[in-house]
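Chemist: Structure for the following, please:
(one chain, ligands or ions: 1)
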Amino acid sequence: MDFGLTNDQKMLQDQVRKFADAELAPVAAEIDKSGEFPWANLKKMAQLGLLGVVVPEKYGGSGFDFVSLAIAIEEISRACATTGVIVAVNNSLTTFPILQFSSEEQKSKYLPLLCSGKKIGAFGLTEPDAGSDVVSLESTARLEGDHYVLNGTKRFSTNAGEAGIFIVFAYTNKEMKHKGISAFVVERDTPGFSLGNHEDLMGIRATANCELIFEDAKIPKENLIGKEGDGFKICMSTLDVSRIDIGAQAVGIAQSALDESVKYSKERKAFGQPICNFEMIQSMLAEMATQIQAARLLVYYAGYCKDTGMTRFSRESAMSKYYASDIAVDVTRKAVQIHGGYGYSKDYIVERLYRDAKILELYEGTSEIQKIVIARELIR
Ligand code: CAA
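Modeler: From the prediction side, this is the model:
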């Protein structure tokens with residue numbers, strides 16, 4: 001058993017860490033406040049190959065493995081959680097389903113655009129009345145000649161306000177339940193497709209999270225991904241991959257909270273000495289470090305399962321997301337506690353980290369959904 005990273009993975013980690021410290025960390029508080037989508041940094045990340053980490057070079061990607069993708073998302077999120085999820089959604093919720101399930105024509109058309117940052121990707125699954133229960137979605141797509149007519153509304157779509165390419169799920173046959181859902185690649189300028197309300201979120205505030213509205217939108221027939229009725233399995237397989245990256249985002253956020261807490265506890269004095277000398281502070285730091293290391297190992301292991309060709313790694317992916325999200329919320333809470341009143345102030349990074357962490361337990365499947373996935377494998 002080898003717990004070490006390969007030379008390529010170490011090089012990528014080093015490169016992304018340096019970039020994140022130099023370019024992402026300095027603007028993280030600013031974009032949290034302004035809500036401005038970080039296009040300038042995304043263009044720079046495209047140059048570094050971070051928008052198509054696992055995409056083969058022939059489509060404009062970097063050709064790395066899924067552990068490398070997790071390493072990159074962790075390092076980006078350590079500096080800026082908003083940028084972390086933007087990049088994660090582009091990589092695993094958009095390029096991945098195209099890479100894995102689309103035709104050669106779709107791959108050649110869309111992957112170079114997503115890897116180069118000419119277009120950013122978004123995922124349209126959740127609806128106003130359908131979140132955890134995917135089968136209850138109401139969007140429909142009806143084949144009429146050479147195109148599908150798509151109707152419905154999608155909510156909570158990360159990147160959507162700035163995206164050019166969307167993966168959208170709709171029923172082509174409602175009677176067939178999950179076997180009647182289909183997946184489509186939808187371009188931003190599709191007639192009948194418009195953007196609705198922007199979400200004003202508690203954390204990850206510059207992610208252009210937005211509603212998608214389809215009113216008789218005309219989707220070319222060739223933009224169906226796979227076959228009619230493949231949508232549910234495409235969606236679940238995609239989420240198996242993307243949840244690893246949310247686990248990685250959680251590890252990055254938690255690592256940042258620990259780094260800030262160690263630094264602060266060495267500087268801040270109380271009762272005549274640095275607070276890091278107090279055992280209650282040391283206890284929190286030790287717990288935080290151990291939680292992060294355990295989460296990181298679960299995340300890398302889930303990536304390893306994907307890289308080594310395991311056909312179903314839903315359990316490993318769900319465990320990594322569930323545990324890493326859980327500890328990220330706890331670690332950021334402890335970080336605020338260690339900072340005392342200052343931790344509640346926007347002058348300190350941990351205030352933002354605490355807000356950013358909460359979404360981890362909600363998006364790409366709530367923690368309750370991850371526990372269902374894990375428990376089903378135990379009792380089947
Ligand atoms: N891979 C491949 N196939 C899968 C699968 C997987 N991971 N999971 C299920 N399937 C298959 C099953 O084998 C079954 O196939 P058969 O009919 O051939 O037997 C079929 O799909 C139906 O499976 P289930 O009966 O398990 O389906 P379910 O309705 O009970 O749902 C669920 C399971 C786990 C609850 C699922 O609905 C789920 O994950 N829900 C959460 C959705 C979610 O994560 N939403 C977040 C959206 S993205 C987002 O957050 C926005 C963003 O921008 C970040």
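
Chemist: Could you give the average pLDDT over the helix or strand containing K10?
Modeler: Applying DSSP states H and E as the criterion places K10 in helix 7-19. Confidence over helix 7-19, taken as the mean pLDDT, stands at 98.

Chemist: what's next to that helix, contact-wise?
Modeler: The list of residues contacting helix 7-19 from outside it, by CB atoms under 8 Å, 6 or more residues apart in numbering, reads 5, 44-45, 48, 50, 64-65, 67-68, 71-72, 75-76, 78. Placement of C-beta: from N, CA and C, glycine included.

Chemist: now, which of those residues lie within helices?
Modeler: When the contacts of helix 7-19 are checked against helices (DSSP state H), the matches are K44, M45, V67, S68, I71, A72, E75, I76, R78.

Chemist: between those residues, which is closest to the ligand?
Modeler: Using CB to the nearest ligand atom, the shortest approach to the ligand within the ones in helices among the contacts of helix 7-19 belongs to I76, at 15.4 Å.

Chemist: quick one, what contacts the closest one?
Modeler: I76 sits next to V16, A20, L24, M45, L50, T83, G84, V87, G252 when contact means CB under 8 Å, 6+ apart.

Chemist: Which one (most neighbours) among those?
Modeler: For those, the largest number of neighbours (other CB atoms under 10 Å) sits with G252, at 31 neighbours.

Chemist: May I see the buried residues of the longest helix seen in the chain?
Modeler: Counting residues, the longest helix in the chain under DSSP H turns out to be helix 231-267. Neighbour counts using 16 or more other CB atoms under 10 Å place 231-232, 234-235, 237-258, 260-262, 264-265 of helix 231-267 among the buried residues.

Chemist: can you narrow these to ones near the ligand?
Modeler: Residues of those in contact with the ligand (CB under 6 Å from any ligand atom): F232, S237, L239, D240.

Chemist: For those, name the two members farthest from one another.
Modeler: When CB to CB is used, the two most widely separated members of those are F232 and D240, lying 12.7 Å apart.

Chemist: hmm, the helix or strand harbouring V87 in reach of the ligand?
Modeler: If you go by DSSP H and E, V87 is part of helix 81-88. No. Counting by CB under 6 Å from any ligand atom, the ligand is not contacted by helix 81-88; separation bottoms out at 6.7 Å.

Chemist: what about whichever helix or strand comes after that helix, distance to the chain center?
Modeler: With elements assigned by DSSP H and E, the helix or strand that comes after helix 81-88 is helix 96-101. Here helix 96-101 shows a centroid-to-chain-centroid distance of 16 Å under the convention CA atoms, centre = their mean, to the nearest Å.

Chemist: Need the per-residue pLDDT for R188.
Modeler: 98.

Chemist: Over to it: give its phi and psi.
Modeler: Dihedral pair for R188: phi -60, psi -40, per degrees, to the nearest 10.

Chemist: Return the residues in contact with it.
Modeler: Counting by CB under 8 Å, 6+ apart, R188 touches K119, A163, G164, I165, F166.

Chemist: mind redoing it with 7 Å?
Modeler: Under the criterion of CB atoms under 7 Å, 6 or more residues apart in numbering, the contact partners of R188 comprise A163, G164.

Chemist: Over to the one 10 residues further on?
Modeler: Under the criterion of CB under 7 Å, 6+ apart, the contact list for H198 reads G161, N209, C210.

Chemist: let's go with 6 Å and repeat that
Modeler: When contacts are counted by CB atoms under 6 Å, 6 or more residues apart in numbering, H198 touches G161, C210.

Chemist: roughly how far apart are it and the ligand?
Modeler: With the distance defined as CB to the nearest ligand atom, to the nearest Å, H198 ends up 14 Å from the ligand.

Chemist: Help me confirm that S314 comes into contact with D240.
Modeler: Yes. Counting by CB atoms under 6 Å, S314 does reach D240; the two are 5.1 Å apart.

Chemist: For S103, which residues are in contact?
Modeler: For S103, no residue meets the contact criterion (CB under 6 Å, 6+ apart).

Chemist: 8 Å instead, please
Modeler: With contact set as CB under 8 Å, 6+ apart, S103 has these partners: E222.

Chemist: where does it land on pLDDT?
Modeler: S103 is assigned a predicted lDDT (pLDDT) of 96.

Chemist: again, but for the one 4 residues further on
Modeler: Reported pLDDT at K107 in the predicted model: 98.
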